[in-house]
Structure formats: structure tokens, C-alpha cells
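A.B. asks: Sequence first, predicted model second:
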Amino acid sequence: MKTVKIGLLGLGTVGGGVYKLVERQKSEMVSKTGADVEIAKILVHNRNKKREGIDESLLTDQWKDIIEDKEIDIVVEVMGGIEPAKTIITEALKAGKNVVTANKDLLAVCGEDLLEIAAAHHVDLMFEAAVAGGIPIMRPLRQCLAGNEITEVTGIVNGTTNYILTKMFELGMSFEEALAKATELGYAEADPTADIEGLDAGRKVAIMATSAFHSKVVFDDVHIEDIKYAKEFDSVIKLIGIARNTESGIEACVYPMLLSSEHPLASVRNSFNAVFVHGDAVDDVMFYGRGAGEFPTASAVMGDIIDVIRDMVNGCTGRISNTCYRELPVKKCRDIRSKFFLRMQVENRPGVLASIASVFGEHKVSINKVVQKIITDGMAEVVIVTDAVKEYHMQDAQEELLRMPIVKEISSVIREY
Ligand code: NAP
Ligand code: HSE
């Protein structure tokens, strides 16, 4: 019976969880997979860091120690960043090693290329943990739902921002305090601006869209807006990632959006994530669970490790590689349709509402709801909710409104889900 040897790249939040989970599962592995498993080497940046419960003889700061070790069968990359992760993964695949990674930064830029290299060398490249932490979503998209024409993948895919928004809205925590707590809990990226600015969610949207629609969508294709204005609203606001396969092309975006409190996504709180998928055969399916953190993410990595070992034992690694066999266009941001919620301060006198409505009309923005509140004798606050309109029509309308002397300010603009 073989002992499968793992080279672990990174021993931070996720790597530490993987190490502990491999230990915890050790006695079950032969029954589960047909082989034993062992972590043979661990790459870290700083070998002098104190690491409780870790066999220090396994540590190295030289990645070639792992790639050149002929006995290592699986490389588990949980260090993050583009380089040196890209070089190490490429070299590992070329050396005939299977790879499991949680690295969405890398996959959102060159996942397809890496899958091609894996296919050429008949090895597995698995990445369940890269999207939505502990929630199984990549395997469902690539395997369980493979018999569908998937048209939409939408959800909350960043645990840090969801945690921050929950704490700000429910407990009145400051943004800074909530971010510090999310970082302490291991949810945030090494550079948390990736979470706050929506980049992390954008990477996940690109990875999900590519697998769901069988067509390459990279990070630069995703239109992203951050959560910095979210606290101005009273209703539930969530950072939503959307990937749609429409007749005129793929829409890939990340926006903070206003949700009715009855919407199922409104109740996704703290570090939980949720993803909806619509397929022509399955109809709607929803995945829900912990989107970040040590053990939820290690759970996804461990599932991949077990799958790879099963493939190794059965001599069938490299079964599922690049599934991008289409070349669909990705829509420009300006052409994507959304419903908008606008709050503006205007002069309170006859004809003002009619003038505003005519600007929207001229720019093909259809109004769904209007609410007006008198602030003072001279001023009123008008809240307008539109139907789904193209981004550039909305922008043109806003620019014209801001040029009108009767409009003092457009204080907030947000999309409605
Ligand atoms: P982390 O806590 O910052 O840990 C990174 C680890 O990698 C550390 O052990 C670090 O070494 C090592 N490392 C980084 N750069 C290195 C280099 N150039 N050479 C050698 N070692 C290096 O990160 P994390 O939160 O575990 O995240 C790891 C990956 O998983 C990232 O791709 C992240 O996006 C992804 N991910 C994270 C979560 C989560 O909830 N945290 C969830 C899903 C996916 P030292 O210990 O010596 O500093
Ligand atoms: N920083 C990421 C998040 C980790 O908060 O969702 C999980 O990918």
C-alpha cells in the first residue's frame, strides 16, 4: 500500500488548518481512499516563526526542495499571490505532481493555462477552496451540474465584507473595528484591500463564470464596485457577485446591492457565503456555508486531496481539466443592466419632479418608484428606484441631473437586486 506524500506550500490560516485536518483524518485515509497520506515538506517564508504543534524538521524556505523531491505526489498551494505561486505550480505540474490550490488570485488570471498544463501531464489540478471557502461550488459546477446549460451564478462570495456589513448594520460597529475583527478571525486576505475593494469577489466571479459557461472569463473582465458607500443606507446591503450568460454575452460583475429583507441572500450573515446557480435542467440550486476561515477552507482543500488520492489509486489523474470549449464575448460594463436606487436633494418647487422625470426619460431610464420627503420649505429629498436599465444610460442621466441648478446633490446611488 502506498503512502501519498504531500508538499504543503504555506502554513498560515489555511495551511495550518490543512496540516491539522490531515492529522485528524490520518487513521481514516486508507479506508477512504486506498492509500495512506503524509505531509512530507512544508514551504514557509520565515522558518524562524514560532509554530505550535508543527514538526519543524518538515519546514523549508526553498520551494525547489518540494518540486525536486521525487517522492512528493501532491503539491498543496495555500501561500497565495501570483508569484512565486505560478512558477511553483507550473513546475510541479510539469514534474508530474498533482496540485491542489486555494489561490483565486492566480486562477482568475491564468487558471485555464494551468489546467492545460495539468492536462498535458495527466495530473489533477483542483481548486475547490478558491471560491466560497468551505462551500462545495466548483465541483458542483464542473461535475454534478455538467449536464446543464448554466445561465446564472450569483451570490455572496466574500466572507470578510459580509462579516463587516453584518457587524456594521446589526451592531453598529465601525468599519475599521469590523475589519480588524475579520482579520483576526483569519477571513481577510493578506492584503485586506482585496476584500474591501471587491477584488476577491471579482476573482471568484471570474473563476465560477469560466467553469459555468465553458468560456474564459478573467479578473479584468469583471466589473467591480466596493462597499465603501454601503453604510449610508438603512436597508440590507450585500456585496453580490453576478455571472450571467445572456444572449448578447457574459455579464460578470461585483456590486454592493440593496436587498429586500425577505430575500434569501439578506439572511446570509457574518462570514457565511451563498451561491445561487440556475441551470436549464436543475432549475435553481443554492449553496450555503462558511465562506472563509481556517477549517472551512481546509475542509475544501482536504476534499480535493482525497479526490486526487482516489484518482491516483485508480490510475486516472487528469480526468477533468480545462472545460473551456467556447469563446463567448464578455459584455462591457456600460451595457450591463441593473435596477438603481438614487437619493437626491432637490429644490422644493413646482415642476421640479417633472423636470427630473423628463431627464430620466430622455436617457431611456424607466422609473419604477418615486418617494419624496420635504426637508425644509426650500428643499426636498427625492428617492427614485428605476427599472433595469443599461449602465451608460444611467450614468448619462446622472451627469445631466447634476448639471441642473434644481438638483443640489445626488447623495447616494446603489443597485437593487
Ligand atoms: P496566510 O495566513 O497569509 O498564509 C500564507 C502562508 O504562505 C504563510 O505560512 C507564509 O509563510 C507562506 N508564504 C507566503 N508567501 C510565501 C513565499 N513567497 N515563500 C514561502 N512561503 C510563503 O494566508 P491564508 O489566509 O492562509 O491564505 C492562503 C491562500 O488561501 C490564499 O491564496 C488565499 O486567497 C486562499 N484562501 C484563504 C481563505 C481564508 O479564509 N483565509 C479562504 C479561501 C482561500 P510564513 O508563515 O513564514 O509567513
Ligand atoms: N478573504 C476571503 C473572504 C477568504 O473573506 O472571503 C475566502 O476566500
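C.D. replies: Right, received. Where do you want to start? Ligands and ions are numbered 1, 2, ... in the order given.

A.B. asks: what helices or strands is the lengthiest helix in the chain leaning on?
C.D. replies: Taking DSSP state H as the criterion, the chain has its longest helix at helix 294-313. If contacts are counted by 3 or more C-beta pairs under 8 Å, 6 or more residues apart in numbering; DSSP states H and E, helix 294-313 sits against strand 3-9, helix 13-25, helix 29-33, strand 72-77, strand 98-101, strand 125-126. Every C-beta, even on glycine, is put in place using the N, C-alpha and C of the backbone.

A.B. asks: Kindly provide the whole-number mean pLDDT of it.
C.D. replies: The average pLDDT for helix 294-313 rounds to 98.

A.B. asks: Is there proximity between it and ligand 1?
C.D. replies: Yes - interface with ligand 1: helix 294-313 contributes Thr297 (C-beta under 6 Å from any ligand atom).

A.B. asks: count of neighbours near the residue of the stretch 251-400 of the chain found nearest ligand 2?
C.D. replies: Using C-beta to the nearest ligand atom, the closest approach of the stretch 251-400 of the chain to ligand 2 is made by Ala292 at 3.7 Å. Neighbour count of Ala292, defined by other C-beta atoms under 10 Å: 29.

A.B. asks: List the contacts of it.
C.D. replies: Neighbouring residues of Ala292 by C-beta atoms under 8 Å, 6 or more residues apart in numbering: 133, 158-160, 186-187, 271, 273.

A.B. asks: Who wins on neighbours among the residues you listed?
C.D. replies: Scoring the contacts of Ala292 on neighbours with other C-beta under 10 Å, the highest-scoring entry is Asn158 at 35 neighbours.

A.B. asks: give me the element the closest residue in space to it that isn't next to it in sequence is part of.
C.D. replies: Spatial nearest neighbour of Asn158, excluding adjacent residues (C-beta to C-beta, 6 or more residues apart in numbering): Ala201 at 4.4 Å. Take DSSP states H and E as the rule and Ala201 turns out to sit in helix 199-213.

A.B. asks: Is there proximity between that helix and ligand 1?
C.D. replies: No - taking C-beta under 6 Å from any ligand atom as the criterion, helix 199-213 and ligand 1 are apart, separated by no less than 7.2 Å.

A.B. asks: and that helix, what does it pack onto?
C.D. replies: Applying 3+ C-beta pairs under 8 Å, 6+ apart, one finds that helix 199-213 contacts helix 104-120, helix 138-139, strand 150-156, strand 223-224, strand 236-246, strand 249-259.

A.B. asks: Please tell me I have it right and Ser366 contacts Asp387.
C.D. replies: Yes - using C-beta atoms under 8 Å as the test, Ser366 is close enough to Asp387 to be in contact (4.2 Å).

A.B. asks: picking up where we left off before, quick one: residues contacting the nearest residue to the residue of the stretch 251-400 of the chain closest to ligand 2 once chain neighbours are set aside.
C.D. replies: The shortest distance from Ala292 to any non-neighbouring residue, by C-beta to C-beta, 6+ apart, is to Gly159 (3.2 Å). Contact partners of Gly159, counting by C-beta under 8 Å, 6+ apart, are 133, 182, 187, 270-273, 290-293.

A.B. asks: Could you work out the end-to-end span of stretch 370-384 for me?
C.D. replies: Stretch 370-384 has an end-to-end distance of 5 Å (C-alpha to C-alpha, to the nearest Å).

A.B. asks: Can you list the neighbours in contact with it?
C.D. replies: 340-349, 352-353, 356-357, 360, 367, 369, 385, 408.

A.B. asks: per-residue confidence at Glu232?
C.D. replies: As predicted, Glu232 sits at a pLDDT of 48.

A.B. asks: for Arg269, same thing?
C.D. replies: pLDDT, read off for Arg269, is 95.

A.B. asks: Skipping its backbone neighbours, what lies nearest it in space?
C.D. replies: Spatial nearest neighbour of Arg269, excluding adjacent residues (C-beta to C-beta, 6+ apart): Thr166 at 4.5 Å.

A.B. asks: Quick check: that neighbour is in a helix.
C.D. replies: Yes - Thr166: assigned to a helix according to DSSP: H, G, I helix; E, B strand; the rest coil.

A.B. asks: And for it, the neighbour number?
C.D. replies: The burial count for Thr166: 19, using other C-beta under 10 Å.

A.B. asks: And it, how far from Ser174?
C.D. replies: Distance, Thr166 to Ser174, using C-beta to C-beta, to the nearest Å: 14 Å.

A.B. asks: Tell me the residues of the stretch 51-200 of the chain that contact ligand 2?
C.D. replies: By the rule C-beta under 6 Å from any ligand atom, the part of the stretch 51-200 of the chain lying against ligand 2 is 133, 158-160, 187-189, 195, 200.

A.B. asks: Just put the residues you listed in TSV and tack on secondary structure.
C.D. replies: Formatted as TSV, these follow (three-state DSSP):
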residue	secondary structure
Gly133	coil
Asn158	coil
Gly159	helix
Thr160	helix
Tyr187	coil
Ala188	coil
Glu189	coil
Asp195	helix
Asp200	helix
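
A.B. asks: Mind putting these into CSV with pLDDT and distance to Asn245?
C.D. replies: Below are these laid out as CSV (pLDDT from 0 to 100; distance: C-beta to C-beta, whole Å):
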residue, pLDDT, distance to Asn245
Gly133, 96, 25
Asn158, 97, 22
Gly159, 97, 26
Thr160, 97, 28
Tyr187, 96, 30
Ala188, 95, 31
Glu189, 93, 28
Asp195, 96, 27
Asp200, 97, 22
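
A.B. asks: would a markdown table of the helices and strands packed on helix 199-213 with distance to ligand 1 and mean neighbour count be doable?
C.D. replies: Shown next, in a markdown table, are those (distance: least, C-beta to the nearest ligand atom, whole Å; neighbours: other C-beta atoms under 10 Å):
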| stretch | distance to ligand 1 | mean neighbour count |
| --- | --- | --- |
| helix 104-120 | 6 | 20 |
| helix 138-139 | 12 | 20 |
| strand 150-156 | 14 | 23 |
| strand 223-224 | 16 | 20 |
| strand 236-246 | 14 | 24 |
| strand 249-259 | 16 | 23 |
